[in-house]
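Participant: please work out how this folds:
(8 chains, ligands or ions: 10)
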Amino acid sequence: MSEKPITGEKRVFMTGNEVVAWAAVAAQAEIMYGYPITPQNEIMHYWTRLAPKFNKTFLQTEDELSAGFTTIGGVLAGKKTFTATAGPGTVLMQEPLAMAEMMRLPVVVVVMQRGGPSTATVIYSQQEVTLTTFGGNGEGFRIVYSTATHQDLFDYTIKAFNIAWKYRMPTFVLGDGYQAKMREPLTMYDPEERGVELVKPEPYVGLPGMPGEERPPGHYRNTYNTEEELNEVVNDHVKAYEQIQNELPEHDEFGTENADLVVVAHGVVARATKQAVEALRAEGLNIGYFRPITLRPMPDQALRAMADRTKKILVVESAQGQLARLLKESLYGKTVEIVPLFRPGVGVTPEEVMARSRELVA
Amino acid sequence: MSEKPITGEKRVFMTGNEVVAWAAVAAQAEIMYGYPITPQNEIMHYWTRLAPKFNKTFLQTEDELSAGFTTIGGVLAGKKTFTATAGPGTVLMQEPLAMAEMMRLPVVVVVMQRGGPSTATVIYSQQEVTLTTFGGNGEGFRIVYSTATHQDLFDYTIKAFNIAWKYRMPTFVLGDGYQAKMREPLTMYDPEERGVELVKPEPYVGLPGMPGEERPPGHYRNTYNTEEELNEVVNDHVKAYEQIQNELPEHDEFGTENADLVVVAHGVVARATKQAVEALRAEGLNIGYFRPITLRPMPDQALRAMADRTKKILVVESAQGQLARLLKESLYGKTVEIVPLFRPGVGVTPEEVMARSRELVA
Amino acid sequence: MADFEYQQKELKRGTFTLFPGLCKGCGLCIEKCPKKCLGWSETLGVYGMPAIEPINKEDCISCGVCSTVCPDCAILVERYGKEEKKKKEEH
Amino acid sequence: MADFEYQQKELKRGTFTLFPGLCKGCGLCIEKCPKKCLGWSETLGVYGMPAIEPINKEDCISCGVCSTVCPDCAILVERYGKEEKKKKEEH
Amino acid sequence: MAKLAKIMIAGEGGQGIQAVAEILAEAAYEEGKHVLYIPNFGVEQRGGVSVAFLQIGDEPIGSPKFEIADIIVALSERAVGRTRQYVGAPTVFVYDTMVATGKVELPTGAAKVLAIPGVETAKKELHPRVFNVMIMGAVIEATKVVSPENAKKAIEKRLGYKFEQDPKLRELNYRAIERGMELVGEVLRGGQG
Amino acid sequence: MAKLAKIMIAGEGGQGIQAVAEILAEAAYEEGKHVLYIPNFGVEQRGGVSVAFLQIGDEPIGSPKFEIADIIVALSERAVGRTRQYVGAPTVFVYDTMVATGKVELPTGAAKVLAIPGVETAKKELHPRVFNVMIMGAVIEATKVVSPENAKKAIEKRLGYKFEQDPKLRELNYRAIERGMELVGEVLRGGQG
Amino acid sequence: MAVQPAMPRSWRRETKPHKFCPGCGHGIALRVLGQAIDQLNIQDRMVFGCDIGCSLLAWDFFNVDTVQTHHGRTTPVIVGLKRARPELVCVAYMGDGGGYAIGAQHLVSAAMRNDRITVILINNTQYAMTGGQMAPTTLPGQKTETSPYGRDPDMTGHPTQGPEMVATITPESAYVARGTISRPKQLHKMVTRALENQIAGRGFSFVEILATCPTNWRTNAKNTWKFIEETMPTHFKVGELKVPEAFQAAAGGEGARADG
Amino acid sequence: MAVQPAMPRSWRRETKPHKFCPGCGHGIALRVLGQAIDQLNIQDRMVFGCDIGCSLLAWDFFNVDTVQTHHGRTTPVIVGLKRARPELVCVAYMGDGGGYAIGAQHLVSAAMRNDRITVILINNTQYAMTGGQMAPTTLPGQKTETSPYGRDPDMTGHPTQGPEMVATITPESAYVARGTISRPKQLHKMVTRALENQIAGRGFSFVEILATCPTNWRTNAKNTWKFIEETMPTHFKVGELKVPEAFQAAAGGEGARADG
Ligand SMILES: Cc1ncc(C[n+]2csc(CCOP(=O)(O)OP(=O)(O)O)c2C)c(N)n1
Ligand SMILES: Cc1ncc(C[n+]2csc(CCOP(=O)(O)OP(=O)(O)O)c2C)c(N)n1
Ligand code: SF4
Ligand code: SF4
Ligand code: SF4
Ligand code: SF4
Ligand code: SF4
Ligand code: SF4
Ligand SMILES: [Mg+2]
Ligand SMILES: [Mg+2]
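Facilitator: Ligands and ions are numbered 1, 2, ... in the order given. Okay, here's the model as predicted:
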């Protein structure tokens, strides 16, 4: 289909799930394979409604394993294919993702976090951070963007497709149930009109020419016979990741210069912390704000620089220390105190952050 | 069956998989449900051979999801039930384990790590550390023992059953392909003869009395309707884990007093590092050895104390920093340099450790 | 365990009891009554929607179909025994 | 791509070729030969086990069954064409 | 922080609470306001209380949920129970007179606690079907976050196709808004706060 | 470190390599030694080269695999290729004369490189079936880690039930051990190292 | 005691009204199950397992030991439990998504192994709990949230014939039936037999139940009945598919009569 | 060019001898598949997916684009691929463990959806790659590493009748057969039809192949043949189970003859 789904800039008011469906269309994604799970269902609902209009493909698979593996099939076929999931679905999705990691396949997965562990709640949490950043068996390399606003959801979903296909790595958009279900305004646009080049997908199989005669056959595997063979492949991946590691990190910060306290949060919780920090700064308190946007790789350099010029860090999350764990790894060797404000499975309000921050700088 | 499978102390020479099967029998485990995967297969092979003799139950399930969920069924029925897996099986096993975490069920899982990510190799690695310690969705609480010798395999498999049923938490014995497949001597014994009390399993369902009339019915769930309900449950788990967190950590160390370097490793790699450190100490070098036995909870206190009296840490693993990540979290705030020796997917030899250690203290 | 509040009507062939605290107002019973004798009530059911009641009381044959199709056990239909029947008829 | 080494025998009705570098010594062909004319050879196959060869050469009818059941394509049976047959017979 | 209205509407599944919130959100968005609306949801499709969180302000909005609401409208007994935790010093708490106040404790510590005869008025004067639109009018009056005109436009956008077929329906809806505004206006003036 | 023998035996799947290592390990264990034995394995059931890592010493053994072996016995061309990386200054490298040294490069830098006519001897003097037992004899002679008597006991333990049925088999096995020892003895004395 | 609703004894009155929507077929299915439990007198030796899907809303429904499991995983939990304690009567209760999609490997494996459990599967032609997506049982042309233009059988297949499949892969000692909440008496017989077959240690017992979901069908009462009584049976044949001989012998000519 | 082995053109000679054990049935199955590829002239528009299990050893077997996937997951990978590029001819090649146990949900779902792919499943009555554990296809009484005293059908069920199950759940346009490596000509016809049926866009195509595994059966050549030719067919009926009309029309009376 040549018809552009979005032309010009367009201010809209919709749910996050709808935003993701539109962003995927804007990124010229061609296929979604998926399995229902709250709170990501409406991504599929919108995609299936858009599908005939823009000549897109969809299949509701029998489970998340199949959603992940059919997605891999679509990618191998050379189509921009993606899936979306949450909670126990994110757990199951690790099996196909581990295969994508081993084979360096560009797979885009949107995760709308819900409560955990187990089925828990269908609503909201930030408890899938560990799983999304490090979920497979072995050393998998992946890229994870944590969004905070609907604008982020739109921008980073488009970016995820580009990054995935550029670096041939599974790339995640990590949202949550609040973002999925809430409505707020954002600006949609056609990325190419804004000068963003959309990376073209390359087929892995079904290329022209007789394999073995006119071209080598594509022989893709994820299994090796000796430890040494595997070690070599993994080391190659390690090197590849090290090379791109400095290009990827993204973050947002303000007021961290000689701060008495910096509040660190990601995703939707960063909105509450931002609101809180702005209010506290308006009161004259010397408090800063730091939000990692990439959770893998973490913005190590920026974090370490921030840690060098702040007295204390308050880490806020709707989880029990999943972000804090990543932070501690990034900041190893620093001595600045890290204070937790963990609210596993529930939302965090600006009021809570303000109260705790005041205590810490009192 | 009243017949004791093991009486007195018995010196034997066997593979690690055989050791696990015997240890499970010694721990009075009653049921194994499992799905084949190299390198853990022989646990099932030995168990099925022992089964009729000691009146044990076995079922080879259709996949690891089923292995995990049938195991939960056995536990709910009040039987000491366990399973074993590896690699991609460990990935799938996270779904049932997340349920066990949410419901605080005592499930024993033996993980014999193989190469990753994905199918990778059937042989060996230490790449399932992250997955085994933090694999589910959300805040799951679990206990992980990393074994290094066949004696460990026997001792900690027995212990795992006791700890799991005492604290009602999934408990792991984390071995690897080398341990699974190699033969070495160990001493088997009946734990009760040694004065180790074996915790009796309690049925969750099928208790005497008419439910709702003579006793409350057992109503077990893993799903909650509101964020707040979930938050309360998770906070209870956090509290429960905090309470036992100090009773659980185990480690092994020597020569860490004012050391120029401490080599940290877990599992089978700790054998190579121990051998290396002993040799280096014999050469007069001031090098220490530290091996965490519990990887969850980590022996934080011992580690921090060690870090305070050493100049440098060399962390050695057959993985790309999975132990190092745990270490950095435990040691956050310390400034001692942590140097990596990562060999993902392959064995580590004492020679390598010695060479790297010499460089670091030179 | 608290008892459920109920509204009872003595009909020709038996007693018709509705438990408004159980009725969700789905209307399945209304549609299934072979005599079309059920309708919406002024009383609100558990979800704040109207509950049901026998409106064409004369037609009810106490067949119990309504109670069999109620997913919430909100209806109890009891046919009179011989004794009660007689008593009724005598009046 | 290197060619496979081979051992060729001219038999009554055709040529029998074995590629020892492909033969794993499974013996499936030996068992299946309707004429029982195959046996173990002195030559070692690819896994260091004996390869096979036609031992009762006279009996071979070049039916090709052995090559059809070989999982490794280690046997090639070619029947003589009319030309070759004639030539043979003439000798 | 700039002016930000934190609104919470809660009721039973069938009462049309989320539609009210959505229309209000849409209206405010069309007015160029910053808006964030999120419904609550759980595993039960119909069983639980339906709650809408709505924030309307002049600057980008932070957290989607909040601790203390500026206005709460609770339309059933269970809704009163469910929303009580969001009541604070600045809260105007509105409930329907149908709520059996004997069965459920009303919140204390609110700026104002108002009872409006919503269900009754809708039933008697209008039509039960527009009960929720009347509630929307009540919220508009209590918060002033959108103009009644824009609210009407938003309704038009959503239900226009139905109004085409039955223009009386349009009028009914408009009247419902106005009546809802009046109800609150009345109690606010004579308020029991 | 105390005396520790690091032994590696490698051959084709059918050559019975792992059985040799297992019996040796068993014998050493029965002698009260510390023993660690681990086979290599991969996804292929039969295709790959079969390698046994065996360590026998007086103290608990560390890592199950090692970098440099004290003795390597390689019984096929592929086995030579596969074991080459484990050759170092102290290594005694033994290979079978059947290995086509034209096709495969022999390791350099070993303490000794010895060729023994294992396959041939087994075939001609004994029986191909006991080829691996002969190799065991060779390892015993080269390493002295277990006494021939204990090796025989270990074989007895493993194959005793077969020997019962056919006592000649026992003798054949015993002779194989001895012949293997001789082979190594011979080349060691006249060695090309 | 005042007049009380005619709930089965095994229902837990404290948790009523239950959590299902108005008009939900789960309510009728669970009443029938409750009556069967009462009648067979097994309340104190039963385990009821419910899945994720609307069935989870039954986690505290009965005065019976209950385990609410994961989506599609009730079958293995119940298999593990039953094998550990064969004296218990174990029911796995699930939706068509849980049974025929994500848990299909468990269902077919338990059926092929002839595990002595009772599986009750609610066929409501879609994924109800998640808001009405396509299920393996969705009818051709039926609109759902993920088949917004109607299910296209050419692209996504025809509705799963679950009991037919289970009947093919189970041995003779299995019991397999399809009932409907619109014929509660017939359903009662099926559920009872499915329990009895387990109690007798005979074999795998499976009942698919056609059930209403007015919420996601978006139907009023009238159309709800129409869909379940007229439309669904054109694709799903109601009746017993596999009845072990023991029943046939015992029942004599009763079969036809009980078909209420 | 010197005399060369009669390998199919689509075989990749550089990787021969292949990685299967001596006497392995995979070799014959893959020769038959290779011949069918040659004959249908589809080498340059094929995708061959192999599973984990001994089938993975075929990851570089053909001069055909090949994807080696996860255990049991070849079906979904190939489904995803085929739906993305319907012009490709896609084969999912797997073992009985991969297809009937861990991947059963994928197999039945693809079959029910009538996905236009060809599934070839090697039935060797056990889990070969992992060293000979019980499979869903293990025969009653057969000893494996996890049924060391012989499979007890009462506890673990009877051998899966895979093609029979697939035939029940697929529409008429599907092709379903069971062949054996001991009848390569018949097998050739089945594999060819299974590919043709896909190429024609007709429907799901499934061939189970009885295959030898001397390594785990621990059989010599004689007993290997005996097991596959005498024992296995008593449980697994060889033949075509579902043949779309198009074939029957085209083949005329050939059906019987081709049964070589
Ligand atoms: C692993 C996993 N994937 C997805 C879900 C989301 N989910 C919950 S219920 C459900 C569908 C339930 O449908 P069905 O089994 O038909 O039951 P119903 O609600 O229709 O009774 C899904 C997909 C989940 N909880 N877990
Ligand atoms: C998730 C997962 N579980 C288990 C395994 C281990 N595994 C590898 S192959 C195999 C069995 C293969 O059996 P089958 O599918 O019958 O193929 P065969 O080897 O017999 O040809 C198993 C269980 C795995 N690789 N991944
Ligand atoms: S008892 Fe029968 S007739 Fe009476 S209301 Fe109920 S269904 Fe109608
Ligand atoms: S069927 Fe039951 S719940 Fe539904 S309206 Fe009738 S009485 Fe009320
Ligand atoms: S061609 Fe036929 S007769 Fe000749 S060796 Fe082969 S099978 Fe035997
Ligand atoms: S069938 Fe083939 S591989 Fe087997 S012995 Fe015969 S020629 Fe060799
Ligand atoms: S959504 Fe449907 S199946 Fe679920 S409770 Fe409501 S009516 Fe029943
Ligand atoms: S183990 Fe069996 S199936 Fe696997 S390659 Fe060897 S013979 Fe073939
Ligand atoms: Mg359903
Ligand atoms: Mg198999």
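
Participant: for the rest of this, base every contact and every neighbour count on C-alpha atoms.
Facilitator: OK.

Participant: count the neighbours of the closest residue to chain F within chain C for me.
Facilitator: Residue of chain C nearest chain F, by C-alpha to the nearest C-alpha: residue C:71 (56.0 Å). Residue C:71 sits with 30 neighbouring residues when counted by other C-alpha atoms under 10 Å in any protein chain shown.

Participant: list the residues that contact it.
Facilitator: G:22, G:23, G:24, G:25, G:26, G:27, G:28, G:31 (C-alpha atoms under 8 Å, 6 or more residues apart in numbering or on different chains).

Participant: narrow those residues to those in helices?
Facilitator: Among the contacts of residue C:71, the ones falling in helices (DSSP state H) are G:25, G:26, G:27, G:28, G:31.

Participant: which ones among the residues you listed come in contact with ligand 7?
Facilitator: Intersecting these with the surroundings of ligand 7, defined as C-alpha under 6 Å from any ligand atom, gives residue G:26.

Participant: can you give me the helices in chain G?
Facilitator: G:25-40, G:74-84, G:96-97, G:104-113, G:153-156, G:162-169, G:184-199, G:214-217, G:221-226, G:245-251, G:254-258.

Participant: give me the angle between the first one and helix G:184-199.
Facilitator: Relative orientation of helix G:25-40 versus helix G:184-199 (axes from the mean of the first three to the mean of the last three C-alpha atoms, to 10 degrees): 60 degrees.

Participant: and the contacts of helix G:25-40?
Facilitator: C:69-72, G:7-11, G:18, G:20, G:43, G:55, G:62, G:122, G:181, G:184, G:187-188, G:191-192, G:209, G:211-213.

Participant: pull out the buried positions in it.
Facilitator: In terms of neighbour count (16 or more other C-alpha atoms under 10 Å in any protein chain shown), helix G:25-40 has its buried residues at G:25-37.

Participant: now, the most widely separated pair of the residues you listed?
Facilitator: Across the buried residues of helix G:25-40, the longest distance by C-alpha to C-alpha is 18.4 Å; it joins G:25 and G:37.

Participant: can I get the helices of chain G in JSON lines including mean pLDDT?
Facilitator: Supplementary listing: the helices of chain G in JSON lines, determined by pLDDT from 0 to 100:
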{"stretch": "helix G:25-40", "mean pLDDT": "98"}
{"stretch": "helix G:74-84", "mean pLDDT": "98"}
{"stretch": "helix G:96-97", "mean pLDDT": "98"}
{"stretch": "helix G:104-113", "mean pLDDT": "98"}
{"stretch": "helix G:153-156", "mean pLDDT": "98"}
{"stretch": "helix G:162-169", "mean pLDDT": "98"}
{"stretch": "helix G:184-199", "mean pLDDT": "98"}
{"stretch": "helix G:214-217", "mean pLDDT": "97"}
{"stretch": "helix G:221-226", "mean pLDDT": "98"}
{"stretch": "helix G:245-251", "mean pLDDT": "82"}
{"stretch": "helix G:254-258", "mean pLDDT": "39"}
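
Participant: for residue A:65, which of the ones you listed is the nearest?
Facilitator: helix G:104-113 (12.4 Å).

Participant: which strands or helices does that closest one pack on?
Facilitator: Applying 3 or more C-alpha pairs under 8 Å, 6 or more residues apart in numbering or on different chains; DSSP states H and E, one finds that helix G:104-113 makes contact with helix G:74-84, helix G:162-169, helix H:104-113, helix H:153-156.

Participant: would that helix count as contacting ligand 2?
Facilitator: No. Between helix G:104-113 and ligand 2, judged by C-alpha under 6 Å from any ligand atom, nothing touches; the nearest distance is 13.7 Å.

Participant: are we agreed that residue C:78 is in a strand?
Facilitator: Yes. Assessed by DSSP: H, G, I helix; E, B strand; the rest coil, residue C:78 belongs to a strand.

Participant: quick one: it and ligand 5, what's the gap?
Facilitator: For residue C:78, the distance to ligand 5 (C-alpha to the nearest ligand atom, to the nearest Å) stands at 85 Å.

Participant: can you name the residues bridging to that residue?
Facilitator: residue C:15 (DSSP bridges).

Participant: is it true that it touches residue C:16?
Facilitator: Yes. Counting by C-alpha atoms under 8 Å, residue C:78 touches residue C:16, with 6.7 Å between them.

Participant: so between the two, which is more surrounded?
Facilitator: Legend: neighbour count by other C-alpha under 10 Å for residue C:78 and residue C:16, higher for residue C:16 (23 against 17).

Participant: for the residue most central in space within chain A, which residues count as its bridge partners?
Facilitator: The centroid of chain A falls nearest to residue A:173 when counting by C-alpha atoms, centre = their mean (2.6 Å). As for beta bridges, residue A:173 partners with residue A:110, residue A:145 under DSSP bridges.
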